[in-house]
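Let's see this in three dimensions:
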Amino acid sequence: QVQLVESGGGAVQPGGSLRLSCAASRNIFRLNAMGWYRQAPGKQRDLVATVTSSGSTNYADSVKGRFTISRDNAKNTVYLQMNNLKPEDTAVYYCYARAIPVGSGWHEYDYWGQGTQVTVSS
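Residues are numbered from 1 along each chain as shown. Okay, here's the model as predicted:
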């Protein structure tokens, strides 16, 4: 079972910045796409940004120009740098990974972190 451990959430004022990190560990044969989703109270979980193993990125329109996703393949870690945060960015942020675990016969599975709260408020 691949495990994702997130860190870096917190409270910040509008216009501030936060950096989220997510490290994948345990039984990884291959780590493919990684990314971040978020879920605000009473709403569905939505894509924020993803990055492939080769570095191609995809962003939700609402965060383009403000958020930057990156990954360190040597550390199996994905980052989300969030700048110019707005109150509407308030949500629980979930790390995501599509991975092939050891012994799975090349089958891919989707994995999720436990979530980290980001609150943007004055």
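
Quick one: residues contacting Ser121.
Applying CB atoms under 8 Å, 6 or more residues apart in numbering to Ser121 gives the contacts Ala11, Gln13, Pro14, Pro87, Thr90. In short, each C-beta sits where N, CA and C put it, glycine included.

Of the residues you listed, keep whichever come out buried.
Using 16 or more other CB atoms under 10 Å as the burial test, the contacts of Ser121 include Thr90 as buried.

Near Asp89, how many other residues are there?
Each residue near Asp89 was counted by other CB atoms under 10 Å, and the total is 22.

got the phi/psi numbers for it?
phi -80, psi -10 (degrees, to the nearest 10).

which one is it nearest to, not counting chain neighbours?
Spatially, and ignoring its direct neighbours in sequence, Asp89 is nearest to Val120 (5.1 Å; CB to CB, 6 or more residues apart in numbering).

got a pLDDT number for the one you found?
pLDDT recorded at Val120 is 98.

Could you do Ser104 as well?
Per the predicted model, pLDDT is 81 at Ser104.

how near is Asn83 to Asp72?
20 Å (CB to CB, to the nearest Å).

meant to ask about Leu85
23 Å.

Compare these two (neighbour count), which wins?
Leu85 (22 against 11).

Which parts of this structure are strands?
3-7, 10-12, 18-25, 28-39, 46-51, 57-59, 67-72, 77-82, 91-101, 109-112, 116-120 (DSSP state E).
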